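Enquirer: Kindly generate the corresponding structure for this input.
(chains A and B)
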Amino acid sequence: MSLEPKDEMDHSGWMEQRDLSPVEKGYLTVLVWLDKRLRIVDYLEIVENLYYKSNMQMPKSHTEQYNLDNKFWYWYPLYALGSLSTIAYVVAALSGALLGFYYAPAAAAGTCGIDGATVAYCSITSIMTDLNFGYMLRSIHRWSAQVMTAAVFLHMLRVYFTGAYKEPRELNWILGIVLISLTMVFGYTGYLLPWDQLSFWAGQIGVEMSLSIPLAGEWVAQLIFGGFTLGQATLERMYILHVFFLPFVVTTLIAIHIGIVWMQGIAEPH
Amino acid sequence: MTDTESDHDPEPTTDGGEDVRADGTGIVAPDDETPTWRERKERSQGLSQLTYEYFERARREDQDLRTESTYVERDVLAFPTWPHELIRNLSITFFFVGMIIFLSATLPPHIAAPADPSTTPAIILPDWYLYWSFGLLKLGPLNPELAILGGEKLLADRTYGVLANVVVVGFISMVPFLNKGAARRPVEQPFWAAVGVFGVTFAATISILSIKNLVAPIIDTHLLFDLTFLLPFVAGFVAYGLLKTMREGYMFSLNRRYYRLRPPK
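Expert: Numbering: from 1, shown residues only, chains lettered A, B, ... in the order given. Below you'll find the model as predicted:
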């Protein structure tokens, strides 16, 4: 008689008598191995509970129940604008990460032989002219950002004109306003990065706008632009805002925004 | 709990009086021992008791609604994100991703001359989506000159412009708290739809005002300034009239039938 306690759940015996295919057997072996160590089944149960508790069953919607699709169909393409801006954001994030390999946020004099060019400006021209597919990369980044901004504006109009901001969705409307503002800040900080004439003078407007805020103006200008005249500090701050700060904040807020939409369902015009 | 444990004399305890099981069985509460909201309410006090009390009431309200409902299906106030919305959206958005790639290949972005602090270009512009905000900065002529201050302005024009931005964004975020009720489609709420049309038109005209240097050859600057504030009102009134007329039409009768079927709560 063995001194080892008998296995309470004899999984291998169970698997032998089940007459499983090699795929099923391999799958079960891995699952049992992982479950003994990581308690996978517990977590699966939590996920399953979440799935059912967040009302992801598929009841009939108003339009289906009362056969109103023929009255509202023309709204529906506009319901895709939120998804469109999310996808454009993902495309911009991917192409932006790749662009980050080749861009340097430095306002020192560059060596690309253009009069008055900075290192930042030279890295942009090098991406556009020397790098394989560099122009396509920057082009995709730029266009997806433009499409995202446009889609976000139109998304907001759609939500307004279909009354989708009403109870219980007020908080998501306000979150949306925060997101549209951050999208514009995203665009603005990106617009400044090439450090060409347009960037520089757009930055100048930004400094003057923040300086004209009563009481906190100088502090805001220092915080965001790193001073009252534009230079290395400004470029660096814009860069960090654009590639580090805003991506974290905006991605989190988008996740919350979409999560709330998922929980509350899509408001139809009815 | 075993009998021997419950037979213990009340001894001074240091852990709040709960019995500690050392065999590892008591770590996770089995499902049937999870306290109900009522039990949690009775165990707690103060704000947390109030919270649990509210939860208990809310659950009971849900239950009542469920039992009272004559509908077999759950009352749906919206359609589900998955799959109704997402499948439709994925097909549309992937078409647009294709469009982004097509545009990128055909229209690469422009690079201006390198930054030069000593030469101000004739035209300074932010990107197009900030034109509206840029236009609001140019509202200086509307900044009132107060007689008590001897024709001085209370706010600098720049501050006034920044304040205009805050007012616009603030108003937009207040909309859900100003416009309430069950109406959703523009025909059902002509006034708020007209406000929306006013806003869209104003965004367009104020954007054009912000690039007045560019459009100066086409339209007189003073006329442009007047139209910036006139056109939104015209568009708003026209939208209101149109929607009021539509309200009497087919959609409205459809709506009436619909609400008779399902009166709003």
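Enquirer: counting contacts, what elements does the helix of greatest length in chain B pack onto?
Expert: Secondary structure of chain B per DSSP state H: the longest helix is helix B:221-247. If contacts are counted by 3 or more C-beta pairs under 8 Å, 6 or more residues apart in numbering or on different chains; DSSP states H and E, helix B:221-247 sits against helix B:190-210, helix B:212-215. Where you see a C-beta, it was placed from the backbone N, CA and C, and this is true even at glycine.
Enquirer: The ones you listed into JSON lines, with extra columns for distance to B:Thr93 and mean neighbour count?
Expert: Putting the helices and strands packed on helix B:221-247 into JSON lines (distance: least, C-beta to C-beta, whole Å; neighbours: other C-beta atoms under 10 Å in any protein chain shown) gives the following:
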{"stretch": "helix B:190-210", "distance to B:Thr93": "23", "mean neighbour count": "20"}
{"stretch": "helix B:212-215", "distance to B:Thr93": "33", "mean neighbour count": "13"}
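Enquirer: wait, which of those helices is closest to chain A?
Expert: Of all the helices and strands packed on helix B:221-247, it is helix B:190-210 that lies closest to chain A, at 5.1 Å by C-beta to the nearest C-beta.
Enquirer: Just the mean pLDDT for the closest one, thanks.
Expert: Mean pLDDT, helix B:190-210: 94.
Enquirer: That one: how far from the chain's middle?
Expert: Centre-to-centre, helix B:190-210 and its host chain are 18 Å apart (C-alpha atoms, centre = their mean, to the nearest Å).
Enquirer: what do you get for stretch A:85-99?
Expert: 8 Å.
Enquirer: how about that stretch against chain B, any contact?
Expert: Yes: counting by C-beta under 8 Å from any C-beta of the partner chain, contacts between stretch A:85-99 and chain B involve A:Thr86, A:Ile87, A:Ala88, A:Val91.
Enquirer: So which of the residues you listed are in helices?
Expert: Using DSSP H, the residues of stretch A:85-99 next to chain B in helices are A:Thr86, A:Ile87, A:Ala88, A:Val91.
Enquirer: and of these, the nearest to chain B?
Expert: A:Ile87 (4.5 Å).
Enquirer: need the strands for the chain, in chain order.
Expert: Went with chain A since none was named. Under the criterion DSSP state E, chain A contains no strands.
Enquirer: actually it's chain B I care about, not the one you picked
Expert: According to DSSP E, chain B carries its strands in the segments B:145-146, B:152-153.
Enquirer: re earlier: any chance of the helices and strands packed on helix B:221-247 in TSV, plus distance to chain A?
Expert: Formatted as TSV, those follow (distance: least, C-beta to the nearest C-beta, whole Å):
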stretch	distance to chain A
helix B:190-210	5
helix B:212-215	13
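Enquirer: shaky segments in the chain?
Expert: Just going to use chain A. Within chain A, the stretches with pLDDT under 70 are A:1-9, A:48, A:51-71, A:270.
Enquirer: wrong one, I was asking about chain B
Expert: Where chain B drops to pLDDT under 70, the residues are B:1-34, B:62, B:65-66, B:68-77, B:146-151, B:250-252, B:255-258, B:260-265.
Enquirer: how does the chain divide into domains?
Expert: Answering for chain A, as no chain was given. Listed domain ranges for chain A are A:11-45, A:73-264 (source: automatic domain parsing).
Enquirer: looking at chain B here, not the other one
Expert: B:30-61, B:126-261.
Enquirer: Now find how far off-centre the last one is within its chain.
Expert: Taking the mean of its C-alpha atoms, domain B:126-261 sits 18 Å from the chain's own mean (C-alpha atoms, centre = their mean).
Enquirer: show me where the stretch 101-250 of chain A has helices.
Expert: Secondary structure of the stretch 101-250 of chain A (DSSP state H, counting those that start in this stretch): helices located at A:119-129, A:134-161, A:170-192, A:197-211, A:217-225, A:232-240, A:246-264.
Enquirer: one step back: so of the domains of chain B, which one's packed in deepest?
Expert: Stretch with highest mean neighbour count among the domains of chain B: domain B:126-261 (a mean of 16; mean count of other C-beta atoms under 10 Å in any protein chain shown).
Enquirer: okay, now A:Ser21: neighbour count?
Expert: 8 (other C-beta atoms under 10 Å in any protein chain shown).
Enquirer: What of A:Tyr79?
Expert: 23.
Enquirer: need the contact list for it.
Expert: A:Arg158, A:Ile266, B:Glu85, B:Arg88, B:Asn89 (C-beta atoms under 8 Å, 6 or more residues apart in numbering or on different chains).
Enquirer: so the fourth one sits right up against A:Tyr76, yeah?
Expert: Yes: using C-beta atoms under 8 Å, B:Arg88 is in contact with A:Tyr76, at 6.5 Å.
Enquirer: how close does the nearest residue to A:Thr149 once chain neighbours are set aside get to B:Leu137?
Expert: Leaving out its chain neighbours, the residue that sits closest to A:Thr149 by C-beta to C-beta, 6 or more residues apart in numbering or on different chains is B:Tyr129, at 4.6 Å. Going from B:Tyr129 to B:Leu137 by C-beta to C-beta, to the nearest Å gives 15 Å.
Enquirer: Could you do B:Met99 as well?
Expert: Taking C-beta to C-beta, one finds B:Met99 at 33 Å from B:Leu137.
Enquirer: any idea how far chain A is from B:Ser118?
Expert: Here B:Ser118 is placed at a distance of 9 Å from chain A (C-beta to the nearest C-beta, to the nearest Å).
Enquirer: and that residue, what does it touch?
Expert: B:Ser118 touches nothing, counting by C-beta under 8 Å, 6+ apart.
Enquirer: Phi first, then psi, for it.
Expert: phi -90, psi -20 (degrees, to the nearest 10).
Enquirer: Would you mind measuring from it to A:Phe200?
Expert: For B:Ser118, the distance to A:Phe200 - C-beta to C-beta - is 11 Å.
Enquirer: In stretch A:151-170, which of the residues would be classed as buried?
Expert: A:151-153, A:155-156, A:158-166, A:169-170 (16 or more other C-beta atoms under 10 Å in any protein chain shown).
Enquirer: ok, and of those, which contact chain B?
Expert: A:Phe153, A:Tyr160, A:Phe161, A:Thr162, A:Gly163, A:Ala164, A:Tyr165, A:Lys166, A:Arg169, A:Glu170.
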